[in-house]
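Colleague: One predicted model, sequence on top.
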Amino acid sequence: MPSPALAAALADIDTVFNGFASPTETGCERCFDPEETAYLRTPYTRVPADLVRRFVYKVPGHFEDHAAVMRRLLPQAARAMADGSMDVAWWGHGLTRVNWRSWPTDQSDAIQAFLTAWWQDALATPEPPHPITDVFDCCSAIAGTVTPFLAEWIRHPVADAHLVTCARRWRTDLLADDLPLMCWSDEGQEAAVTELQSWFARSASARLRALGEPDLATEAELLALPYDERWAHPYWFNAWPTN
């Protein structure tokens, strides 16, 4: 069951985007049958789940009005993202390809509230429908920033366990100055790497050490150093023989 905040955010998405359609949509005739594209022109009709995913992950050039298509799909797509029925660990989610922050305030606010609530719900759930790394990846890619999701990383036993999971999954890439997230386009990647490294060094290292993860904590601290100094640190001479 979703948290009350996530349930409310999904209900708001349903209300705000209810009845949207892309009235003149023709779609890509090579990728979609006419009866499939007809769903995009027709409001108040449920789109088959597998078709929602195909629409969401197609590049904008497949549609006459990609933004209108995303508005049409959002109520179903958001619920499928939250309940785990639609895979989110893929590059090119449709919401990363539209400037949704420029949409009317009620629409952009509803999307931001959903991303926040989805992330917070996953952080508080021991086994969320998607791996915690995938939720962070998708949320931050859609938002175009990692900032709010790092700031909302609550101090709680379940959220701390997720922090350990993410540190283990991301440390190799971050130590190599690479982005450990798959859903991002090239734009903004460098800034995201820098912010993740800074946050782990500044905010996560002490938490990891308190959780009994001294190696993860030390490697998080090393992220504050320039690349060459990071790899020349004495820690590695002790770590290699024991790992």
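Modeller: Ah, there it is.
Colleague: The residue nearest the centre of the chain: what's it in contact with?
Modeller: What sits nearest the mean C-alpha location of the chain, by CA atoms, centre = their mean, is Cys138, with 1.8 Å. Shown in contact with Cys138 (CB atoms under 8 Å, 6 or more residues apart in numbering): Met81, Val88, Ala89, His93, His130, Cys183. Quick note: C-beta positions are derived from backbone N, CA and C, even for glycine.
Colleague: Closest to Leu115 out of those?
Modeller: Taking CB to CB as the measure, Met81 is the one of these closest to Leu115, at 9.6 Å.
Colleague: Output the below-cut-off pLDDT ranges for this structure.
Modeller: 239-243 (pLDDT under 70).
Colleague: cutoff 50 now
Modeller: 242 (pLDDT under 50).
Colleague: residue ranges for the helices of it, please.
Modeller: 4-16, 34-41, 49-56, 66-83, 105-123, 132-143, 147-151, 157-175, 189-199, 205-210, 214-222, 227-231, 235-242 (DSSP state H).
Colleague: Compile those helices into a markdown table and extend it with columns for distance to Gly27.
Modeller: Compiled in a markdown table, the helices of the chain are given as follows (distance: least, CB to CB, whole Å):
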| stretch | distance to Gly27 |
| --- | --- |
| helix 4-16 | 23 |
| helix 34-41 | 4 |
| helix 49-56 | 8 |
| helix 66-83 | 8 |
| helix 105-123 | 22 |
| helix 132-143 | 23 |
| helix 147-151 | 33 |
| helix 157-175 | 37 |
| helix 189-199 | 30 |
| helix 205-210 | 48 |
| helix 214-222 | 46 |
| helix 227-231 | 46 |
| helix 235-242 | 53 |
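Colleague: ok, back up a step: mind checking how far the residue nearest to the centre of the chain is from Trp118?
Modeller: 9 Å (CB to CB, to the nearest Å).
Colleague: anything in contact with each of those two?
Modeller: Joint contacts of Cys138 and Trp118 (CB under 8 Å, 6+ apart) are Met81.
Colleague: For stretch 195-212, buried residues please.
Modeller: By neighbour count with 16 or more other CB atoms under 10 Å, stretch 195-212 contains the buried residues Glu195, Leu196, Gln197, Trp199, Phe200, Ala201, Ala204, Ser205, Arg207, Leu208, Arg209, Leu211.
Colleague: Sorry, wrong one. I was asking about stretch 170-178.
Modeller: Trp170, Arg171, Leu174, Leu175.
Colleague: Just the CA atoms of stretch 56-72, as CSV, please.
Modeller: Taking C-alpha atoms only, stretch 56-72 is exported to CSV below (Å, rounded to 0.1, in the frame of the first residue of the first chain):
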residue,chain,number,x,y,z
VAL,A,56,6.3,6.7,-22.5
TYR,A,57,9.7,5.5,-23.7
LYS,A,58,9.4,6.6,-27.4
VAL,A,59,11.4,9.6,-28.5
PRO,A,60,9.4,12.8,-29.1
GLY,A,61,9.8,12.5,-32.9
HIS,A,62,7.3,9.6,-32.8
PHE,A,63,4.5,12.1,-32.0
GLU,A,64,2.9,15.2,-33.3
ASP,A,65,2.6,16.7,-29.8
HIS,A,66,4.8,14.8,-27.3
ALA,A,67,3.9,17.0,-24.4
ALA,A,68,0.2,16.4,-25.0
VAL,A,69,0.9,12.7,-25.1
MET,A,70,2.7,12.8,-21.8
ARG,A,71,-0.2,14.7,-20.2
ARG,A,72,-2.6,12.1,-21.6
